[in-house]
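1. let me see the structure of the following:
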Amino acid sequence: ILSPPFVNSLAVMLLFGRSGLITKNLLHIRGNNIYGFSWLSIVQILSLFPLAYLNLKGMLETLDSSVENAGRTLGASRLKVFLSVTLPLSLPGFLSSFLIIFAKSLCDFGNPQVLAGDYSVLSVSAYLQIVGLFDLKTGSFIALSILLPCMLAYLIQNYWVSKRSFVTVTGKAAGTVELIGEKKIVVPLFIVLLLLTLFTLLMYGTVVYVSFVKTWGVDWSMTLDSYQFILKRGARAMRDTLLLSSVATPLSALLGMVIAFLLVRKRFFGKRLMAAASILPFAVPGIALGIGYVAAFNTRPLQLTGTALIIIVAMVFRTLSIGVETGSNSLRQVDPSIEEASVILGAGNAKTFFSVSLPIMKSALFSGLLNSFIRSMTSVSAVIFLVSVNWNLLTVNILSEIESNRLGAASAYCVALMVMVVLAVGVLEFIVNGLFARRRRSYE
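-> This is a model prediction of the structure:
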């Protein structure tokens, strides 16, 4: 999740393509075809499963472990506790993770643009209609056709969650977390995760290595030419990407927590409409969103095309849904009596939200900040029509270098973007943990 959208696709091309390091040089397989459904599915899984991890991580950290400890005390096995207690209580997280990944996979543009080949993908088809054939009407219709399955998935998820209670945090003393230590469980999981980690490191390591190679497949000598090239040509894009993402991230995450609080804790007219609207930006394909922004803000009095504001607005609303989902899942596990006690003691809604609800949602807030920042930094489909001579983004430069077959420069851009994201994630974790750690312990 810390990588740009093209890293896995680029690594697959370099390792398993027709001139791949593994297929051609090690296995002596020539003409290996990686373009189509199979490799695109693998890359999509590698690219999207961290979204589910972050969503479920925030929910499991909020889950009161005493309910699981009670099952163990009564003699239930680890598997029985997981299937009977942990899994049902984590159902909102699983369903929202399915919704997020389903919508993201349908709307994804970066990986299909590189690896789809003859396999037809709606997002790429819409892009080609608009850019290649200049058919805005047909392209917009294809992009909007993705809305139906995304909204259907949302309605199913909302139906299941609304029929059940998932409260585990009640304000009473919580049990200590009993870590799993049985070797029959730990060892197989460790092996699976180790293999996944090694494969992921292979993908990232290949991109890093290529960024230092003079010419992939021809001249293997090490050089810094690619980095000199991107520093000379892409320094402004790096600055713009970091600045715009830094502005959009806190706005998106905080707005997501506020909307989650209103949807879970308040009753008001138009609540269902707000719930549907909160997931809509995620379900709308990025290309359709970008075209819609250009069409809506291209004339006075709201002539924003070519400005930084239109990119920030697109980033905020493109990443808002994940913050709403993670915040809602976290609040559903918290007994409303904790916040009611604050209101009884005289605190207003704003005071209760910032002093009680938000510290409890610390994990969800961090996940929202992390997702918002990463998706803003690595966004391509939603902003590809919004960049201009005044404001440019790294992901657009990466796509341009891949299409021009300058793989060294594309890899160097990817490495630079990954380093920026990793450093920013460390800063976010320090800020969130330092701001809410003590306060949240007092409520638990």
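
2. just name the shakiest helix or strand of the protein by mean pLDDT.
-> helix 147-162 (a mean of 68; mean pLDDT, DSSP states H and E).

3. if you count neighbours, what's buried in the helix or strand that comes right after that helix?
-> Where DSSP states H and E defines the elements, the next helix or strand beyond helix 147-162 is helix 183-212. For helix 183-212, a neighbour-count test (16 or more other Cβ atoms under 10 Å) marks Thr200, Met203, Tyr204, Thr206, Val207, Val208, Tyr209, Val210, Ser211, Phe212 as buried. Bear in mind the C-beta positions are built from the backbone N, C-alpha and C, glycine included.

4. what mean pLDDT does stretch 10-20 get?
-> Regarding stretch 10-20, the rounded mean pLDDT is 84.

5. any weak-confidence spans in the stretch 251-400 of the chain?
-> 282-285, 333-335 (pLDDT under 70).

6. ok, which stretches of it are helices?
-> Secondary structure of the stretch 251-400 of the chain by DSSP state H, counting those that start in this stretch: the helices cover 271-283, 286-296, 308-331, 337-344, 349-352, 358-360, 362-378, 394-403.

7. pLDDT and distance to Arg332 added to the buried residues of helix 183-212, as JSON lines?
-> Compiled in JSON lines, those are given as follows (pLDDT from 0 to 100; distance: Cβ to Cβ, whole Å):
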{"residue": "Thr200", "pLDDT": "86", "distance to Arg332": "32"}
{"residue": "Met203", "pLDDT": "86", "distance to Arg332": "35"}
{"residue": "Tyr204", "pLDDT": "87", "distance to Arg332": "35"}
{"residue": "Thr206", "pLDDT": "88", "distance to Arg332": "41"}
{"residue": "Val207", "pLDDT": "88", "distance to Arg332": "39"}
{"residue": "Val208", "pLDDT": "90", "distance to Arg332": "41"}
{"residue": "Tyr209", "pLDDT": "90", "distance to Arg332": "45"}
{"residue": "Val210", "pLDDT": "88", "distance to Arg332": "45"}
{"residue": "Ser211", "pLDDT": "90", "distance to Arg332": "44"}
{"residue": "Phe212", "pLDDT": "92", "distance to Arg332": "48"}
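
8. quick one on the thing from earlier: Gly426 is nearest to which of the helices of the stretch 251-400 of the chain?
-> With distances scored as Cβ to Cβ, the stretch of the helices of the stretch 251-400 of the chain nearest to Gly426 is helix 362-378 (10.8 Å).

9. show the contacting residues for Trp220.
-> Counting by Cβ atoms under 8 Å, 6 or more residues apart in numbering, Trp220 makes contact with Val213, Lys214.

10. ugh, wrong one, I meant Ile398
-> By Cβ under 8 Å, 6+ apart, the contact set of Ile398 is Pro4, Phe6, Ala410, Tyr413, Cys414, Leu417.

11. if we can go back for a sec, how about the helices of the stretch 251-400 of the chain in a markdown table, adding distance to Val387?
-> Below are the helices of the stretch 251-400 of the chain laid out as a markdown table (distance: least, Cβ to Cβ, whole Å):
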| stretch | distance to Val387 |
| --- | --- |
| helix 271-283 | 19 |
| helix 286-296 | 10 |
| helix 308-331 | 7 |
| helix 337-344 | 43 |
| helix 349-352 | 37 |
| helix 358-360 | 34 |
| helix 362-378 | 14 |
| helix 394-403 | 5 |
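
12. wait, which of the ones you listed is closest to Asn25?
-> That would be helix 394-403 among the helices of the stretch 251-400 of the chain, by Cβ to Cβ, at 21.3 Å.

13. just the angle between the closest one and helix 362-378, please?
-> Interaxial angle, helix 394-403 versus helix 362-378 (axes from the mean of the first three to the mean of the last three Cα atoms, to 10 degrees): 50 degrees.

14. and helix 394-403, which residues are buried?
-> Neighbour counts over helix 394-403 (16+ other Cβ under 10 Å) mark Leu394, Thr395, Val396, Asn397, Ile398, Leu399, Glu401, Ile402 as buried.

15. quick check: chain neighbours aside, which residue is closest to Leu106?
-> Ile146 (5.0 Å; Cβ to Cβ, 6 or more residues apart in numbering).

16. if you could redo that for Thr326, that was the one I meant.
-> Excluding the flanking residues, the one nearest Thr326 by Cβ to Cβ, 6+ apart is Ala364, at 4.2 Å.

17. next one: Lys104
-> Leu48 (5.8 Å).

18. ok, the one you found touching Ser105?
-> Yes - the pair Leu48 / Ser105 is scored as a contact, 6.2 Å apart, by Cβ atoms under 8 Å.

19. mutual contacts of these two, please.
-> Counting by Cβ under 8 Å, 6+ apart, nothing touches both Leu48 and Ser105.
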